[in-house]
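Engineer: Turn this into a model:
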Amino acid sequence: MSLQRRFVPCLIFFLLCFPCYFSLQASPPYDYLGEASGYDSQANHLHFSTIQTREIENWPWRKFGSKTGKSLASVKMVNVNYYGAKGDGSDATEAFKKAWKAACSSPGSVLVVPKNKNYLLKPITFQGPCKSSITVQIYGTVQASTDRSAYSNDMTHWLIFENVQNLAVQGGGTINGNGKTWWENSCKVNYDLPCKGAPTALTFYNCKNLAVKNLKIQNAQQMHVSFEKCVGVQASGLTITAPGNSPNTDGIHVSNTKIIQISSSVIGTGDDCISIVSGSQKVQVNGITCGPGHGISIGSLGSGDSEAHVSDVTVNGATLSGTTNGVRIKTWQGGSGSASNIKFQNIVMHNVENPIIIDQKYCDQGKPCKSQSSAVQVQNVLYQNIKGTSSSKEAISLDCSAKFPCQGILLRDIDIKVGGGKAAKAVCSNARVTVMGDVSPNCA
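Structural biologist: Residues are numbered from 1 along each chain as shown. Sure, this is the predicted structure:
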C-alpha cells in the first residue's frame, strides 16, 4: 500500500511532464513537399501558413485610433507651426526639430503637420527613445530640399526615425522627395558619371511596434520607404509613386526586419515595388497593386561574396501590371546563406515581362560577373494560383546554381500565357520542382 501511494503520484507527474518535454524541443523545418503524395490542399496550406504567421498574429500590435483610457486633455498636441514653421514652402527644418523634441519628451504626444501647408525639410533625424508612444499626423505636404549640398553630411538619408518605440506615422498627407535632380545625376541615367549613393526618402531604423499608414510618398531621391532593423511593423494604405524610368526608386525596402505586415498599398516606381533583403523574417505582403516597376523581389542576396538569410515570407494577393518582373528571387554568385520558406499565391499578372523568376546568377554591374560555385541556397518556395499574361515568351524562369540547386519548389495552379492567348514557355535549370494541379507553362 505504501509503495502504491508513492507510485501513483510519480506516474501522474511523469504523464504531465512527458508531453511538455517534447513540446519544448526544437521542431525541424517543415517539409511541405513531403506531404505531396497524399496532398490535402487545405491542411497543407494551413500548416505552411501557420509556420509563417503564428508569431505575426501573436505580436502585441498597438491599436492606433482605439480608446486608450486617456482623456484628450492628457494628450499633448504639438503643431509644427507653433515652433516657427510657416507652411509656405520655406525651410522648416529647425521648427520640425524643436517640435519633435517637445513631442518626444512628453507622454502620449501627437506631432501635427497641418493640412493645406507645404513644408521644406533638409535631412533630419527624429531620434528616440521617446518618453512614451508617439504619433506623427501628416495632413499637409513635406518636401525635400533640392539643394544636393544640404546632404553633405549624409548622402544616403533624408528623413529618419531612429530608435523609436510605439510610433505611428499617418494622416493622409504627402511626402515628396523631389528626386528629379538626383535621377539626372545617376550613373544609371548618365553613364559618364561615377556611381554614387542617393538619399532614401523615409527610413525607419531600429524601431519597434511601428505603424506607417495612409500616406502618399512620391518621387524619392532613391528608395521611398526603408525599414531597417525594425520589429513589429504595419505598413498599410500607402500610395508610392515615381516615374518608371527613375533609377533605384524601390517602393518599400525591408532589411534586417522581423514581423512586418505590408498591405493594401499601391506602388509604382522605377525599381522594385517591394524588395526584401538579408536579415528579414516573418514578412507578410497582401493586397498590393504594383506597376510600373521591377515587381516584388526577394534580394538581391549575397553580393560581394556575403552571407544572407531571408525566411518565412508570404505574398498573398497582388496585381502586377507592365512590370519587368513579377515575383522574383535574385541572388549573386559567390554568396552564401539561404532564402527559404517563401510563398507567392493569389497573384494576377498583366503584361509582365518575367512573371515567375529565380535568378541565382544575378549581376547588376557594368562588367560581367565572374562564375563562382558558391551560392545562396533557395529552398521551400511555393507558387500557387498565379494567373495572367506575360510580355515575353518565358513566363517561368528558374535559373539555379549547379552546386546549390533550388530545392523544394512547388508550382500549383499556374496559368500564364503570352499576350493574345499564345502558349508561354518555362525554362528551368538545376531546380527540383514539384507540380500540382493545372500548371501552364510547365518545367517538363
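Engineer: Helices along the chain, start to end?
Structural biologist: All helices of the chain, identified by DSSP state H, fall at 2-23, 41-57, 93-104, 180-184.
Engineer: which parts of the last one are buried?
Structural biologist: It stands for helix 180-184. Neighbour-count burial for helix 180-184, counted by 16 or more other Cβ atoms under 10 Å, picks out 182-183. Every residue, glycine included, has its C-beta placed from N, CA and C.
Engineer: what does the average pLDDT come to for it?
Structural biologist: The pLDDT scores in helix 180-184 average 96.
Engineer: what does the longest one give?
Structural biologist: Per-residue pLDDT over helix 2-23 has a mean of 41.
Engineer: who are the neighbours in contact with the spatially closest residue to D305 that is not a sequence neighbour?
Structural biologist: Nearest residue to D305, sequence neighbours excluded (Cβ to Cβ, 6 or more residues apart in numbering): G334, at 4.3 Å. G334 makes contact with 302, 304-305, 370, 372, 374-375 under the criterion Cβ atoms under 8 Å, 6 or more residues apart in numbering.
Engineer: switch the cut-off to 6 Å
Structural biologist: Residues counted as contacts of G334 (Cβ atoms under 6 Å, 6 or more residues apart in numbering) are 305, 372, 374.
Engineer: now K417
Structural biologist: K417 sits in contact with 389, 424, where contact means Cβ under 6 Å, 6+ apart.
Engineer: repeat for A150
Structural biologist: By Cβ under 6 Å, 6+ apart, the contact list for A150 reads K122.
Engineer: now with 10 Å?
Structural biologist: 91, 93, 121-123, 144, 158, 199 (Cβ atoms under 10 Å, 6 or more residues apart in numbering).
Engineer: Grab the two from these that are most spread out in space.
Structural biologist: Taking Cβ to Cβ as the measure, the contacts of A150 span a maximum distance of 16.6 Å, between D91 and P199.
Engineer: In terms of neighbours, single out the busier of the two.
Structural biologist: Each of D91 and P199 has its neighbours counted (other Cβ atoms under 10 Å); P199 has more, 25 against 16.
Engineer: Was I right to think the more buried one contacts W158?
Structural biologist: Yes - contact criterion Cβ atoms under 10 Å: P199 and W158 qualify, at 4.3 Å.
Engineer: Distance check, the spatially most central residue of the chain against W183.
Structural biologist: Nearest residue to the geometric centre of the chain (Cα atoms, centre = their mean): V254, 4.1 Å. Distance of V254 to W183, given as Cβ to Cβ, to the nearest Å: 23 Å.
Engineer: Kindly report the same for V348.
Structural biologist: V348 is 30 Å from W183, by Cβ to Cβ.
Engineer: Can you list the low-confidence ranges for this protein?
Structural biologist: Across the chain, the ranges flagged by pLDDT under 70 are 1-54, 62-74, 444.
Engineer: And the longest strand along it, what's buried?
Structural biologist: Counting residues, the longest strand in the chain under DSSP state E turns out to be strand 336-352. For strand 336-352, burial by neighbour count (16+ other Cβ under 10 Å) applies to 336-345, 347-349, 351-352.
Engineer: what's that strand packed up against?
Structural biologist: helix 41-57, strand 280-290, strand 296-301, strand 307-321, strand 327-332, strand 356-362, strand 377-390, strand 406-418 (3 or more Cβ pairs under 10 Å, 6 or more residues apart in numbering; DSSP states H and E).
Engineer: how far off strand 336-352 does the fourth one point, in degrees?
Structural biologist: Just to be clear, that refers to strand 307-321. Here strand 307-321 points in a direction 10 degrees away from that of strand 336-352 (axes from the mean of the first three to the mean of the last three Cα atoms, to 10 degrees).
Engineer: Dump the C-alpha coordinates for strand 307-321 into CSV.
Structural biologist: Provided in CSV are the C-alpha atoms of strand 307-321 (Å, rounded to 0.1, in the frame of the first residue of the first chain):
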residue,chain,number,x,y,z
GLU,A,307,26.2,35.7,-46.3
ALA,A,308,22.5,36.4,-46.5
HIS,A,309,19.4,34.9,-44.9
VAL,A,310,15.7,35.6,-45.6
SER,A,311,12.9,33.3,-44.3
ASP,A,312,9.2,33.0,-43.8
VAL,A,313,7.9,35.4,-46.5
THR,A,314,4.3,35.3,-47.7
VAL,A,315,3.0,37.3,-50.6
ASN,A,316,-0.7,36.7,-50.8
GLY,A,317,-2.8,38.8,-53.1
ALA,A,318,-1.2,41.1,-55.6
THR,A,319,-1.8,42.6,-59.1
LEU,A,320,1.2,43.4,-61.2
SER,A,321,0.8,45.4,-64.4
